[in-house]
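Asks: Pasting the sequence and the predicted coordinates here, then a few questions.
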Amino acid sequence: MYLAELAVDKAYKGRNIGSKLVKAAVHFARRMNRPIFVRTNEHSVQLHKFYERCGFLRLEHTAFQEARVKKRCFICDTNKLNGFKE
């Protein structure tokens, strides 16, 4: 499963809306027996930490990583996740 274009308006940040959306996606993927994959901008350190808190692991390489576009990839194996980290 690919989680794409997840964003929370700046006026609503800090209300755990992003965490709740990711949590819903994780539960859906778990029911479908699928991992979740996300890509972020390379320099979005705060976003990288957010996905790691949500149980995602950073991937160093992917088969479809374009050399000219700097992205950071994360995956969450929902079958191995011991509860959602908030």
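Replies: Perfect, I can see it now.
Asks: Grab the longest helix from the chain for me.
Replies: Criterion DSSP state H: the longest helix present in the chain is helix 17-31.
Asks: distance between it and the chain's centre?
Replies: 10 Å (C-alpha atoms, centre = their mean, to the nearest Å).
Asks: residues of stretch 43-63 that come out buried?
Replies: L47, H48, F50, Y51, C54, G55, F56 (16 or more other C-beta atoms under 10 Å). Heads up, the C-betas are built off the backbone N, CA and C, glycines and all.
Asks: host element of the fourth one?
Replies: Right, Y51. helix 45-53 (DSSP states H and E).
Asks: Name every strand pairing with the helix or strand following that helix and say which way it goes.
Replies: Next helix or strand after helix 45-53 toward the C-terminus (DSSP H and E): strand 57-59. Using DSSP bridges, the strands paired with strand 57-59 are strand 71-76 (antiparallel).
Asks: before we move on, the earlier item: packing partners for the longest helix of the chain?
Replies: strand 36-41, helix 45-53 (3 or more C-beta pairs under 8 Å, 6 or more residues apart in numbering; DSSP states H and E).
Asks: what does the last one rub up against?
Replies: Where contact means C-beta atoms under 8 Å, 6 or more residues apart in numbering, the residues beyond helix 45-53 that reach it are G18, S19, V22, V38, T40, N41, R58, R72, F74, C76, K85, E86.
Asks: now swap in the shortest one and tell me
Replies: With C-beta under 8 Å, 6+ apart as the test, strand 36-41 has contacts from 1-4, 6, 25-26, 29, 47-48, 51, 56, 70-76, 78.
Asks: For it, what is the distance to the chain centroid?
Replies: The answer for strand 36-41 is 5 Å, by C-alpha atoms, centre = their mean.
Asks: Alright, that wraps it up for me.
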